[in-house]
Structure formats: C-alpha cells, structure tokens
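> sequence and predicted model, in that order:
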Amino acid sequence: MSATHKPLVFSGMQPTGNIHLGNYLGAIKNWIPMQRQMPCIFCVVDMHSLTIWVEPNELRENTRKIAAAYIAGGIDPKLSAIFPQSGVPAHAELAWILSCVARIGWLNRMTQFKEKAGKNREAMSVGLYAYPVLMAADILAYKGTHVPVGDDQKQHVELARDIAQKFNNDFGVPDFFPLPEPMIMGPAARVMSLRDGQAKMSKSDPSDNSRINLTDDNDMIVQKIKKARTDPEPLPTSLEGLDGRPEASNLLGIFAALSDITKEQALMRFGNQQFLAFKNELAELMVEKIGPIRDEMARLMSDAAELDRLLRDGARQAEAIAEPIVAEVRRIVGLVAR
Ligand code: TYM
C-alpha cells in the first residue's frame, strides 16, 4: 500500500439468510477494536444479495437485521458509518466502470463463483458472476485500505487489488486507488460447520444444526454444541495434534476466539481432556457471549423506524466520502461531468 493513502477500514456483510457465529468471529468481532484506530465504514451489502433470488420483503427485513447485529456486536454508529449499499449510488456506478477494467479471465478464477454455481453455471445470474467487481467498487469508492474479512473473502479482496492496480496503470494515475489489504484475523477466520469439519459454516447450509445463528436461544446453542460432531480421541496437547482432526480444531478455534486467547492457550487448558467436559465449557461460554448480542439485536429490531433512521444517517456520511471520489473517477475515464 502506498504511503499517500490515509488508512480507512471498509467491510461488509450480505443480508441473506441467517447471520451466524462465523460472521461474528470471522468479521464483526475483529472490526470492533479498529473503530478507535482509523475511520471505519461497515456496509450492509443488499445489492450483493440480489445475485441469488431473495424475497423482497425478506431482503428489507434482513438488511435491518444485519445492521442490528453490527450494533449489538459492538459497532458504534457514532464512530463508524453503518448503511445499506443501495443507499449510496456511487457503488453501482463505480462497479460498472470497474467491470470494464476487470478481465473475464480474472473472474473465471474466482473459487466462490465456482462453488456457488456448481454444474449450473449457465443458469446463474450475470450479477453472481460479476459480484467480486461490485465488491471491489464497495471498497474503492472510499479508497479503503484495510479490509477485515473471514478467510473465504481473501481472494475477492485480492481481486480488488488487481482491479485498483490496473485502473491506476491504464489511466496513468499511479496511486489514485490504494491497493486494499485483506486482513484475516484471529483463531476463527474460517469457522467450519458443526456437522462437518471440512465444510464452512454457512448461511445457506440446509441443516440448522450445522451453525450457531446469532438469533438462537440459549437452549438451542447448548443443544447444537452437544450434538456437534467430534472424534473419539481426547483433545491433543499441541497444535500439531490437531492435524487431521478438523472438528476438534474448529471447536477449539471457536473457544479461543470467544475467549480472546490463542488456540495454543486453549490447548494448554483442555489438552488430554475428553470432548464432553470441553463441550460443556464451550456451550457455557457461547451462551455468555452470544446471548447478550441476540437480546440486543431483538431490542434493536423492535424499533424499525430508529434502525432506518440510523441507516439513512450512515448513508449520508458514506456518500459524502464516496461521491467526490467517484466524481474524480468519472473525470479520469472521460465521462461527462454532472
Ligand atoms: P458474507 O456476507 O458471506 O460474510 C460476511 C463476513 O463473514 C465472514 N464469514 C466467515 N468468517 C469465518 N468463518 C465463516 N464460516 C464465515 N462465513 C462468512 C466473511 O468472510 C465476511 O467477512 N462478499 C462479502 C461481502 C462484501 C464485502 C464487500 C466484504 C461485499 N462487499 C467489501 C468486504 C468488503 C460476503 O459475501 O460476505
């Protein structure tokens, strides 16, 4: 990253499906301390959710739900801008311009599109294919420099770097866009399914037992941890002992992230113990940490008008940053001034 760019954090989350523990530990929880270190913008990327069919009313409601989860999880709207992507037209406008910079070959390499489309590639929306370009526009509309995300978004942020670099080269404006850095943090950057240690915990897994939703009640949390898949051995005493034991590794990573310790420290505590004792402590810790977030989310969700007001304020703040940057992009590429 060039020294000419002021640090700015940008990250986002789709309002699709159930917000879960992976979203919290891989993203929101890591955003909280950054708010006091540099300007932060946290977007609810509702236009990204249109890439796969979603009921319009569900989308509207889920946009509020994600905003509520940001705030309940510790994002302070007085320190950070929280807003829906569609509230700032600069995202869509810049996405078009950047889609003329990005190359088809680059998008063809995106593993998430391949996973989501599977064998059904021809039937997917154009938006799903172009999705990472919109993500690059999200970040670059603010000249974002730091992008804290879970491990699964790393490739997309790297694509945003490539797009930024090509724009700067093509138009002879070295350093116009910063090259944003993906920040993959903590021991739970890739939380796995509770039913299968090889699959990512995901909003769309048909099995609800595969994930802890941020809306789950305490009983559900305890039951899901009890049922979580394990192996028959006691927990190991060293990190190497977790090799080939994805379920044990996942549950320990979750414990470590929730208690702000490293996996090594968690192993010092639980090494040689049976899963039963460990799971009891994990369930208790999870209820203690997730319970208050769930309750605060519900409280915030009960006042939709207040949430909408917050989102509108956030959009105004965000637009004040993005609009001059995108106006400059229009000028650089030769579009008429508005
Ligand atoms: P999304 O909505 O799928 O996920 C939101 C955030 O949660 C992280 N995450 C996880 N972290 C750990 N373990 C998991 N199992 C797990 N599942 C999800 C994601 O890595 C992400 O940080 N394309 C993005 C949203 C986006 C965005 C952006 C992010 C759009 N524009 C600009 C950053 C910057 C997405 O679909 O995330």
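All right, it came through fine. Numbering: from 1, shown residues only.
> and the closest residue to Pro178 other than its chain neighbours, what does it touch?
Excluding its sequence neighbours, the residue lying closest to Pro178 (CB to CB, 6 or more residues apart in numbering) is His5, at 3.9 Å. Any C-beta I mention is one placed from the backbone N, CA and C, and that applies to glycine too. Neighbour list for His5: Lys143, Thr145, Asp175, Pro178 [criterion: CB atoms under 8 Å, 6 or more residues apart in numbering].
> thought the first one was touching Glu328?
Same thing as Lys143. No - taking contacts as CB atoms under 8 Å, Lys143 lies outside contact range of Glu328: 10.1 Å.
> so between the two, which is more surrounded?
Lys143 (19 against 12; other CB atoms under 10 Å).
> how near is Lys114 to Arg103?
Using CB to CB, to the nearest Å, Lys114 is found at 17 Å from Arg103.
> so where do the strands sit in the stretch 51-200 of the chain?
80-84, 146-148, 181-183 (DSSP state E, counting those that start in this stretch).
> out of those, the one nearest Lys65 is which?
Ranking these by their distance to Lys65 (criterion: CB to CB) puts strand 80-84 first, at 11.9 Å.
> residue in the stretch 101-250 of the chain nearest to the ligand?
Gly150 (2.3 Å; CB to the nearest ligand atom).
> what sits against that residue?
Contacts of Gly150 (CB under 8 Å, 6+ apart): Gly22, Asn23, Gly26, Ala27, Ile184, Ala189, Arg190, Val191.
> cool, Ile32 as well?
Per CB under 8 Å, 6+ apart, neighbours of Ile32: Gly73, Gly74, Ile75.
> in helices, which of those appear?
Gly73 (DSSP state H).
> Thr215 contacts Met301, correct?
No - contact criterion CB under 8 Å: Thr215 and Met301 do not qualify, at 9.4 Å.
> close to the ligand: what parts of this protein are there?
Applying CB under 6 Å from any ligand atom, one finds that the chain approaches the ligand through 10-14, 22-23, 26-27, 45, 48, 135, 138-139, 147, 149-150, 152-153, 156, 189-191, 200-201.
> buried ones among these?
Among the residues of the chain next to the ligand, those classed as buried by neighbour count (16 or more other CB atoms under 10 Å) are 10-14, 22-23, 26-27, 45, 48, 135, 138-139, 147, 149-150, 152-153, 156, 189-191, 200-201.
> out of the contacts of His5, which are buried?
Buried subset of the contacts of His5 (neighbour count, 16+ other CB under 10 Å): Lys143, Thr145, Pro178.
> phi first, then psi, for the first one.
For Lys143, the backbone dihedrals are phi 50, psi 50 (criterion: degrees, to the nearest 10).
> all the strands of the stretch 201-338 of the chain, residue numbers only.
Going by DSSP E, counting those that start in this stretch, the stretch 201-338 of the chain shows no strands.
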